[in-house]
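**Student:** fold the stuff below for me.
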Amino acid sequence: MMTCTPLFLCYLLSLSYCLCLEPISISTGVYFGATAGLAAIYASSSWMKCAVYECCNQALDPIVARNSIKYDFGDKLKSDFKKKLHGQHIAESIVANALIKHMKDKEPRKALVFSFHGWTGGGKNFVSYLIARNIYFKGMKSSYVHLITATEKFPDPTKAPQYKLELIEFIKSKLSECGRQLFIFDEIDKVPSGIIEGLTQFLEYSIEPKEQSKAIYLFLSNIGGSEIARVTYNFYMNGMNREEIELRDIESLMNLHAFNEEGGLKKSSLIHKSMIDFFIPFLPLEKKHVQRCVVDYFQEKYNITKKVNDRLVIEIADELDYFPVDAKVYSKSGCKKVARKVDMRVD
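**Tutor:** Take a look at the predicted model:
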């Protein structure tokens, strides 16, 4: 005996609705009746698809919503930034607010583009992960999230023209499926020259709303890391809190270095034509921030609660290398080595 699932019953009901309509007249009744029936079938099939597969639209039905994009992510993302992103007040404020406004706009005129700058371990990849996790139910595994690592995707500089065409086709294909895509370009400073220029057609401002303008692009690089560290240290030496650093204190420096240093954005029209909306600095992390990363990892990996002033937490943070040599204020690797250090201490 065949088992009737709720999805199958929904389909039958919509089909019977179509077949049982009584024509109002030969000319109009059949047309409108058939149209309404087909619409019901389409709506039903769309519901069934989104109940099983990931969907681009926003949904209120709890069964469908679990596979849909989370447009109400704002409060959760801000909470995650506040609790888990340490020492990056500029990113915490600007990134969250810009994302919220972009996702609330049903017909944006331009794709949202960030360029994240700073030394390794500062949180660039972590912020990308939090963005994906809060907007898409499947997070980094979502079919709408694409991590493009330069050394993996573009290993041969002599094939730059070929890579550029392949990138254009790839993005076109993904945008045709859903405008709300997230493209993360890691190691943008290692992308061969010319490839990123292929993105200009997707990032330009449009007078008319386009599906491609709903997308989000993240460029991650170490470019400008030294200048960011220099500005941060100058504030420290002048007795100022790092939280007093504003985007305007560093943004022009990042823009300049990204445009002139070797890498995917060198002499790029993306910068020249102001297609990058925000240059976000990731400041070097102090020991207190590293200690918070240690506490977070203990909790998330081992469900062990620690405090930042716990002796073991301090010992693990002390194992990392710090600079400058005479002051030892900032971690050379940020929080990148924390996981390995903690793992070595847990039996």
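**Student:** strands of the stretch 51-200 of the chain, start to end?
**Tutor:** Taking DSSP state E, counting those that start in this stretch as the test, the strands found in the stretch 51-200 of the chain are 112-117, 145-149, 182-186.
**Student:** any idea which of the ones you listed is most buried?
**Tutor:** Mean neighbour count (mean count of other CB atoms under 10 Å) peaks for strand 112-117 among the strands of the stretch 51-200 of the chain, with a mean of 26. Every residue, glycine included, has its C-beta placed from N, CA and C.
**Student:** give the contact list for residue 119.
**Tutor:** Residue 119 makes contacts with 222, 225, 228, 229, 282, 284, 332, 334, as judged by CB atoms under 8 Å, 6 or more residues apart in numbering.
**Student:** and of these, the nearest to residue 252?
**Tutor:** Nearest to residue 252 out of the contacts of residue 119 is residue 228 (CB to CB; 12.1 Å).
**Student:** now, the contacts of residue 119 that are in strands?
**Tutor:** Secondary structure from DSSP state E places none of those in strands.
**Student:** now a ChimeraX select for only the buried ones of those residues.
**Tutor:** ChimeraX command restricting the contacts of residue 119 to the buried ones, with burial defined by 16 or more other CB atoms under 10 Å:
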select :222,225,228,229,282,284,332,334
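**Student:** and the gap between the nearest residue to residue 108 once chain neighbours are set aside and residue 172?
**Tutor:** Using CB to CB, 6 or more residues apart in numbering and skipping residues adjacent in sequence, the residue nearest residue 108 is residue 213, 4.7 Å away. Distance of residue 213 to residue 172, given as CB to CB, to the nearest Å: 14 Å.
**Student:** from what I can see residue 277 touches residue 112, true?
**Tutor:** Yes. If you go by CB atoms under 8 Å, residue 277 and residue 112 touch, sitting 6.1 Å apart.
**Student:** identify the contacts common to those two.
**Tutor:** Counting by CB under 8 Å, 6+ apart, the contacts common to residue 277 and residue 112 are residue 98.
**Student:** identify the residues contacting residue 185.
**Tutor:** Applying CB under 8 Å, 6+ apart, the residues contacting residue 185 are 148, 150, 191, 196, 217, 218, 219, 220, 264.
**Student:** and those as a markdown table, adding distance to residue 118?
**Tutor:** Converted to a markdown table, the contacts of residue 185 look like this (distance: CB to CB, whole Å):
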| residue | distance to residue 118 |
| --- | --- |
| 148 | 19 |
| 150 | 17 |
| 191 | 18 |
| 196 | 19 |
| 217 | 18 |
| 218 | 13 |
| 219 | 12 |
| 220 | 9 |
| 264 | 17 |
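**Student:** quick one: contacts of stretch 91-107?
**Tutor:** With contact meaning CB under 8 Å, 6+ apart, stretch 91-107 is reached by 71, 73-74, 77-78, 81-82, 85, 108, 112, 114, 116, 123, 127, 131, 135, 180, 209, 213, 216, 247, 277-278, 280-282.
**Student:** what mean pLDDT does it have?
**Tutor:** Mean pLDDT, computed over stretch 91-107, is 96.
**Student:** what helix or strand is residue 336 located in?
**Tutor:** For residue 336, there is no host helix or strand (DSSP states H and E).
**Student:** find the residue closest to it in space, skipping its chain neighbours.
**Tutor:** Spatial nearest neighbour of residue 336, excluding adjacent residues (CB to CB, 6+ apart): residue 121 at 3.4 Å.
**Student:** which residues are in contact with the one you found?
**Tutor:** 285, 331, 333, 334, 335, 336, 337.
**Student:** and which of the contacts of residue 119 is nearest residue 313?
**Tutor:** Distances from residue 313 to the contacts of residue 119, taken by CB to CB, are shortest for residue 334, at 16.3 Å.
**Student:** which other residues reach stretch 336-347?
**Tutor:** Around stretch 336-347, the neighbours that count as contacts under CB under 8 Å, 6+ apart are 120-121, 290, 293-294, 297-298, 301-302, 304, 312, 316, 319-320.
**Student:** again, only this time at 10 Å
**Tutor:** With CB atoms under 10 Å, 6 or more residues apart in numbering as the test, stretch 336-347 has contacts from 119-123, 125-126, 285, 290-298, 300-302, 304, 306, 312-313, 315-321, 331, 335.
**Student:** and these, which of them are buried?
**Tutor:** 119, 121-123, 125-126, 285, 290-298, 306, 313, 316-317, 320, 331, 335.
**Student:** follow-up on the earlier one: filter the contacts of residue 119 down to the ones in helices?
**Tutor:** With helices taken from DSSP state H, the overlap with the contacts of residue 119 comprises 225, 228, 229.
**Student:** TSV for those residues, including pLDDT and distance to residue 104?
**Tutor:** TSV is the format used below for these (pLDDT from 0 to 100; distance: CB to CB, whole Å):
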residue	pLDDT	distance to residue 104
225	94	33
228	96	30
229	96	35
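**Student:** dump those residues to CSV, plus distance to residue 235.
**Tutor:** CSV is the format used below for the ones in helices among the contacts of residue 119 (distance: CB to CB, whole Å):
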residue, distance to residue 235
225, 16
228, 11
229, 11
